[in-house]
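S.K.: I'll drop the sequence and a predicted model, then ask my questions.
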Amino acid sequence: MEDFFLTIKELLIIKNFFLVIRGLDNTLLLLIISLPIGFVLSLIFALGRVSKIRIISKSIAAYIFIIRGTPLLVQIYLIYFGLGSIKAIRDSFLWYLLKEPFWCGVIALTINTVAYGSEIFRGGIQSISKEQIESGKALGFGKIMMMRKIILPIAIRKVLPSYGNELILMVKATSLVSLTTYMEMTGIARKIMAKTFAPVEAFIAAGILYLFLNFLMVQFVKYLEWKYNPHLRLSN
């Protein structure tokens with residue numbers, strides 16, 4: 001009898017897996033839009049963070065402190081529920097985006113990852129040695145060329161493992177967007193749980209898919225490390 005019930009549970013997990021996977025495209029869409037935007041803005045904010053213009057540096061530092069000091073779930077709620085309660089926003093063009101749970105999720109995820117990513121890149125930029133800067137000046141590089149050819153490439157290579165962790169956290173963070181009625185994988189799993197009263201079987205299926213996505217993300221980061229760090233290729 002126990003083996004019978006075990007089989008029923010396994011079948012339910014398999015069934016839920018194919019139901020939850022229908023939300024995979026919505027999860028991927030969140031990542032495909034928020035991650036590239038977050039990467040670019042993280043670099044820009046990191047440069048602003050190390051800028052000698054104090055008002056820019058201090059403003060970005062305040063932004064980072066606020067975003068990193070508050071939960072992502074609170075930020076999602078403030079964007080989705082809070083901004084919609086402001087009449088001026090409802091009457092503006094912003095409402096076309098903010099009334100959709102998908103775009104609220106993208107905005108929240110982007111804002112959050114920029115706060116963490118910019119600090120990661122700031123650390124990479126500040127780790128550039130004076131000798132490397134002096135070698136660029138000796139070659140006649142200006143500030144922009146120095147940034148393109150020396151500072152940013154070296155900084156990005158150095159912080160790839162740390163930024164890879166941020167990418168993995170972003171994959172898991174997409175699950176919180178389901179609380180805005182957006183039907184990604186966790187949202188579908190919650191819906192299945194409400195209908196079947198079987199939370200374990202529903203969320204095991206979702207967990208397997210998130211594990212698979214993070215496996216792909218880890219392999220992607222490892223590939224970037226291998227490609228942009230020649231010494232890793234020589235060691236193999």
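M.R.: Perfect, I can see it now. Residues are numbered from 1 along each chain as shown.

S.K.: When you work out contacts or count neighbours from here on, use the C-alpha atoms and nothing else.
M.R.: Noted.

S.K.: Give me the longest helix you can find in the chain.
M.R.: helix 199-228 (DSSP state H).

S.K.: Met193 is in contact with Gly187, correct?
M.R.: No: contact criterion CA atoms under 8 Å: Gly187 and Met193 do not qualify, at 9.9 Å.

S.K.: These two - which one has more neighbours?
M.R.: Legend: neighbour count by other CA atoms under 10 Å for Gly187 and Met193, higher for Gly187 (21 against 17).

S.K.: Next one: the more buried one relative to Gly48, how far apart?
M.R.: Distance from Gly187 to Gly48, counting by CA to CA, to the nearest Å: 37 Å.

S.K.: quick revisit: from the contact counts, what lies against the longest helix of the chain?
M.R.: Judged by 3 or more CA pairs under 8 Å, 6 or more residues apart in numbering; DSSP states H and E, the packing partners of helix 199-228 are helix 2-20, helix 152-173, helix 185-196, helix 230-235.

S.K.: That one to helix 152-173, inter-axis angle?
M.R.: Put simply, helix 199-228 runs at 170 degrees to helix 152-173, going by axes from the mean of the first three to the mean of the last three CA atoms, to 10 degrees.

S.K.: where does the residue nearest the centre of the chain land on pLDDT?
M.R.: Geometric centre of the chain, nearest residue: Met170, 3.2 Å, by CA atoms, centre = their mean. For Met170, the pLDDT comes out at 95.

S.K.: pretty sure it contacts Val114?
M.R.: No: look at Met170 against Val114 with CA under 8 Å: they stay out of range, at 11.0 Å.

S.K.: residues contacting the closest residue to Pro161 other than its chain neighbours?
M.R.: Nearest non-adjacent residue to Pro161, counting by CA to CA, 6 or more residues apart in numbering: Val221, 7.3 Å away. Val221 makes contact with Leu160, Pro161, Gly164, according to CA atoms under 8 Å, 6 or more residues apart in numbering.

S.K.: Ile150 too?
M.R.: Gln132, Ile133, Gly136.

S.K.: State the distance from the second one to Leu47.
M.R.: It refers to Ile133. Between Ile133 and Leu47 the distance is 16 Å, computed by CA to CA.

S.K.: Quick check: buried residues in stretch 132-145?
M.R.: Of the residues in stretch 132-145, Gly136, Phe141 count as buried by neighbour count, 16 or more other CA atoms under 10 Å.
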